[in-house]
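Chemist: output the structure for:
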Amino acid sequence: MRKIAVTIIAFITTFIILSLTLTGFIALLNAKDELVNEATTQLETLTLNTALELETKIYAIESDVSHLNTISQITFENQGPVGEATKLELTPYRHDLDRVIHHAFDQKTAIESVFLILEKDHVSDAQAIIYTRQEDGGLRAINTSEITAKLQQHTYETNWFYLPMLQRKAHWTEPVLSDNASALVMRYSEPILIDNQVVGVVGVNLLFNDLTDFINAVDAPNSGYAFLMNSNHDYLVHPIFDTNTNMRTMENGLLVPISNKIGLNDYGAQHYNFYNQEKIMGYTHLHNGWIIGIESNAESLQQTFFSTKKIVYPALATCVVLLIMATLITMRYRTRSSEKRSAMQAQKNQHTTLEQLSEQNKKMNHLIIEKSDDVNRLIKDLETSNESLKHAQQTIFELREQEVINDLIQHITNKLSNPIANSITASSFLLSKNKADDVQDSLTLILNNQQQMKTIIDSLKQLMMNFNEEMPRYFPIRAHLSHTIRNELSVNLATELQTIVEGDDQLMAYLPMDLFSKLMSNLIHHSIRASKNCPAATLSIRVYKEEEAIHILYYDIIPWQSGLGERIFNPYFRNQFISDASGLDLYIVKHTIVKGFLGSIEAFETPDGHLGFHITLPSSVLKP
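Modeler: Numbers count the residues shown, from 1 in each chain. Next up is the predicted model:
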């Protein structure tokens, strides 16, 4: 019995040592690849987040210029159709345009100057309005004669004026000297369209240092850095290479393969060797054609791998030594046991019977079977843990993937603001005039802008129909809601808004995940816009399953108003706590729930007197 016990203990010890040794070798073989994959994923995520932050800054600048362009179009359209017989007058409306410029750009110190310049063939008096930032930080109007004189010829230096008019679309320039040669700027200009005819441009000069400071402030891992390129892969901002150095021509075309891959993919990460140095580069494209990249040095990963080997190798050597010792001890004990057993059998004249030997053998087999079952259970537990880890990694990747699609739909929704603003302005003008011609012009303008808004809404509906074609998939709905809220608060710079998400972490939904994310983004965006004018409150969301359906209770921060009912889902409904047509976001939400998910949404008054929404998703979202 004692020998059997010792043999079993030796067998188990040998098995454990062999398992540890094998695990150590496998971990060592996979360590380098795991480190590289982890670093690549982190670099891709950092690049996408940095690009999102830069896109927000660029969209803010372009939105302000578009607002000034809209006001300019309304002003000039009131003067009649553009032609040889009709010349535009700028001087009578100078005061109103000056006020718009000051309101939009006075506090934005990154803007070096603002300009509104008409083509000379279309004006009868002044040709331009140009404001430049002074040393005291304010915007001052300057003499425009010297600048307009340079625009008589179409040269590379005047592309910022002629290209928007020729191409009939907005244009960003490369870094150039400002008009007074005081700083490097990047010009953004949009064409002014009157009756589908280009009459001039409106735009701003962005201080290049503001863009450089943003790129240089990116905290790249492993002693890396960030850079910015244009669509031709000329470097705009780079800590090493000069501005306008092209990625494809530098270092005798060493980076041409990387440039080709960047041109083929919207975003991603690349591994390459640069003069015997291992590099990892993450990149993504911006909406205006620029490309932001973050480069990391992979040499530090090699050092981490070498450090890991310094730890693993001694551990493996220790395991091997223990294995040898266990083998020697077992062999020694077996030799002594054999000799002792021979002597005892000779002395006791073979007292041990065949039945005793059989009983001992059964016990030993039973013990081995028990230990084998324990080992099998351990292996199954490890396999289950591995599958759970793969599922979690896939969920994280899908959540990161849907952020880019959210930004696209959000941008289309924001485009609705221009035709609505035009209609409101025309309506105000109609109320302030008595002449029949003025009334007719204003009514025509309202009709045109309503048609524009209808076209944009139809495009948005078509986009949502495309989303409906997305294949549904399983995902944890409470975790997905938490991620969507964090992302929306970060994009809209509204991190001060307090939020609570309650629900069962194990509750799974079978839905098109990207479409559901857009639905909740619109609902949260509606609350964020109202948070600036509402009393401090907490946005609360509760998710639960009841009667084979998923229910979402959304407790908004907007105070309840009597008689809201279905009016709040009207795209033209105006809420006193939101400056624009707040019903548009909720119209998209209701359309998505009813048409896309075959569910329902109802508005109600919460116990504390706030606006609430009850969303019901049918039983089909619980199982495929």
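Chemist: output the longest helix belonging to this protein.
Modeler: helix 2-77 (DSSP state H).
Chemist: mean confidence for it?
Modeler: Mean per-residue pLDDT for helix 2-77: 79.
Chemist: ok now it, how far from the chain's centre?
Modeler: Put simply, helix 2-77 sits 15 Å off its chain's centre (Cα atoms, centre = their mean, to the nearest Å).
Chemist: report the buried residues of the helix or strand immediately after it in the chain.
Modeler: The helix or strand immediately downstream of helix 2-77 is helix 94-105, counting by DSSP states H and E. Within helix 94-105, the residues that count as buried by 16 or more other Cβ atoms under 10 Å are 97, 100, 101, 104, 105. Backbone N, C-alpha and C define where each C-beta goes, glycine included.
Chemist: host element of the closest residue to residue 250 other than its chain neighbours?
Modeler: Excluding the flanking residues, the one nearest residue 250 by Cβ to Cβ, 6 or more residues apart in numbering is residue 241, at 6.7 Å. Residue 241 belongs to no helix or strand when assigned by DSSP H and E.
Chemist: show me the beta-bridge partners of residue 118.
Modeler: Beta-bridge pairing for residue 118 (DSSP bridges): residue 200.
Chemist: ugh, wrong one, I meant residue 187
Modeler: Residues in beta-bridge contact with residue 187 (DSSP bridges): residue 205.
Chemist: how close does it get to residue 197?
Modeler: Distance, residue 187 to residue 197, using Cβ to Cβ, to the nearest Å: 23 Å.
Chemist: quick one, which of the two is more surrounded?
Modeler: The neighbour comparison of residue 187 against residue 197 (other Cβ atoms under 10 Å) goes to residue 187, with 23 against 13.
Chemist: how close does the residue nearest to residue 250 get to residue 536?
Modeler: Distance from residue 241 to residue 536, by Cβ to Cβ: 49 Å.
Chemist: who has more neighbours out of the two?
Modeler: Taking neighbours as other Cβ under 10 Å, residue 241 and residue 536 compare with residue 241 leading, 15 against 9.
Chemist: sketch out the low-pLDDT regions of the stretch 51-200 of the chain for me.
Modeler: In the prediction, the stretch 51-200 of the chain carries residues with pLDDT under 70 at positions 82-86.
Chemist: what segments of the stretch 251-400 of the chain are strands?
Modeler: Using DSSP state E, counting those that start in this stretch, the strands found in the stretch 251-400 of the chain span residues 267-273, 278-285, 291-297.
Chemist: follow-up on the earlier one: ok, of the buried residues of helix 94-105, which one's closest to residue 524?
Modeler: Within those, proximity to residue 524 (Cβ to Cβ) peaks at residue 104, which comes in at 26.8 Å.
Chemist: where's that closest one relative to residue 9, distance?
Modeler: In terms of Cβ to Cβ, residue 104 sits 82 Å off from residue 9.
Chemist: same question for residue 77.
Modeler: In terms of Cβ to Cβ, residue 77 sits 95 Å off from residue 9.
Chemist: neighbour count winner among these two?
Modeler: residue 77 (21 against 12).
Chemist: mind listing the residues bridging to the spatially closest residue to that one that is not a sequence neighbour?
Modeler: Excluding the flanking residues, the one nearest residue 77 by Cβ to Cβ, 6+ apart is residue 194, at 5.8 Å. The partner list for residue 194 in beta bridges (DSSP bridges) reads residue 197.
Chemist: what sits against residue 194?
Modeler: By Cβ atoms under 8 Å, 6 or more residues apart in numbering, residue 194 lies in contact with 73, 76, 77, 82, 88.
Chemist: now do 10 Å
Modeler: Applying Cβ atoms under 10 Å, 6 or more residues apart in numbering, we find residue 194 in contact with 72-77, 79-82, 88, 122, 200.
Chemist: which residues of the stretch 251-400 of the chain score low on pLDDT?
Modeler: By pLDDT under 70, the low-scoring segments of the stretch 251-400 of the chain are 299-317, 319-320, 322-323, 326, 329-340, 342-343, 346-354, 375, 382, 385-400.
Chemist: all the helices of it, residue numbers only.
Modeler: Ranges of helices within the stretch 251-400 of the chain are 256-264, 299-348, 354-414, based on DSSP state H, counting those that start in this stretch.
Chemist: who's in contact with residue 506?
Modeler: 476, 478.
Chemist: repeat the analysis, applying 8 Å as the threshold.
Modeler: Counting by Cβ under 8 Å, 6+ apart, residue 506 makes contact with residue 476.
Chemist: and the gap between it and residue 194?
Modeler: As judged by Cβ to Cβ, residue 506 and residue 194 stand 60 Å apart.
Chemist: kindly report the same for residue 472.
Modeler: Counting by Cβ to Cβ, the gap from residue 472 to residue 194 is 48 Å.
Chemist: same check, this time on residue 594
Modeler: 41 Å.
Chemist: could you do residue 471 as well?
Modeler: 46 Å.
Chemist: equivalent analysis for residue 252, please.
Modeler: Taking Cβ to Cβ, one finds residue 252 at 51 Å from residue 194.
Chemist: same question for residue 513.
Modeler: 45 Å.
Chemist: for residue 65, grab the count of nearby residues.
Modeler: Residue 65: 21 neighbours (other Cβ under 10 Å).
Chemist: would you confirm that it contacts residue 190?
Modeler: Yes: counting by Cβ atoms under 8 Å, residue 190 is a contact partner of residue 65 at 5.7 Å.
Chemist: who touches both of those two?
Modeler: Joint contacts of residue 65 and residue 190 (Cβ under 8 Å, 6+ apart) are 170, 202, 203.
Chemist: hang on, the last one is in a strand, isn't it?
Modeler: Yes: the assignment for residue 203 (DSSP: H, G, I helix; E, B strand; the rest coil) places it in a strand.
Chemist: need the contact list for it.
Modeler: By Cβ under 8 Å, 6+ apart, the contact set of residue 203 is 65, 114, 115, 160, 164, 187, 188, 189, 190.
Chemist: from those residues, pick the one nearest residue 494.
Modeler: Using Cβ to Cβ, residue 65 comes nearest to residue 494 of the contacts of residue 203, at 23.8 Å.
Chemist: residues near residue 286, how many?
Modeler: Residues near residue 286, counting by other Cβ under 10 Å, number 16.
Chemist: again, but for residue 78
Modeler: As a burial measure, residue 78 scores 15 neighbours (other Cβ under 10 Å).
Chemist: kindly report the same for residue 541.
Modeler: Neighbours of residue 541 under the rule other Cβ under 10 Å: 23.
Chemist: any idea of the pLDDT on residue 402?
Modeler: 49.
Chemist: quick one: the strands in the stretch 401-550 of the chain?
Modeler: 473-476, 498-503, 508-511, 538-545, 550-559.
Chemist: helices and strands around the fourth one, which ones?
Modeler: In this structure, strand 538-545 makes packing contacts with helix 477-491, strand 498-503, strand 550-559, judged by 3 or more Cβ pairs under 8 Å, 6 or more residues apart in numbering; DSSP states H and E.
Chemist: next, the angle from that strand to strand 498-503.
Modeler: 10 degrees (axes from the mean of the first three to the mean of the last three Cα atoms, to 10 degrees).
Chemist: got the CA coordinates for strand 538-545 in PDB?
Modeler: Extracted in PDB, the C-alpha atoms of strand 538-545 (Å, rounded to 0.1, in the frame of the first residue of the first chain):
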ATOM      1  CA  THR A 538     -29.400  62.700 -13.500                       C
ATOM      2  CA  LEU A 539     -30.100  60.800 -16.800                       C
ATOM      3  CA  SER A 540     -31.200  57.300 -15.700                       C
ATOM      4  CA  ILE A 541     -31.800  54.200 -17.900                       C
ATOM      5  CA  ARG A 542     -33.200  50.900 -16.700                       C
ATOM      6  CA  VAL A 543     -33.200  47.700 -18.900                       C
ATOM      7  CA  TYR A 544     -35.300  44.600 -17.900                       C
ATOM      8  CA  LYS A 545     -37.100  41.600 -19.400                       C
END
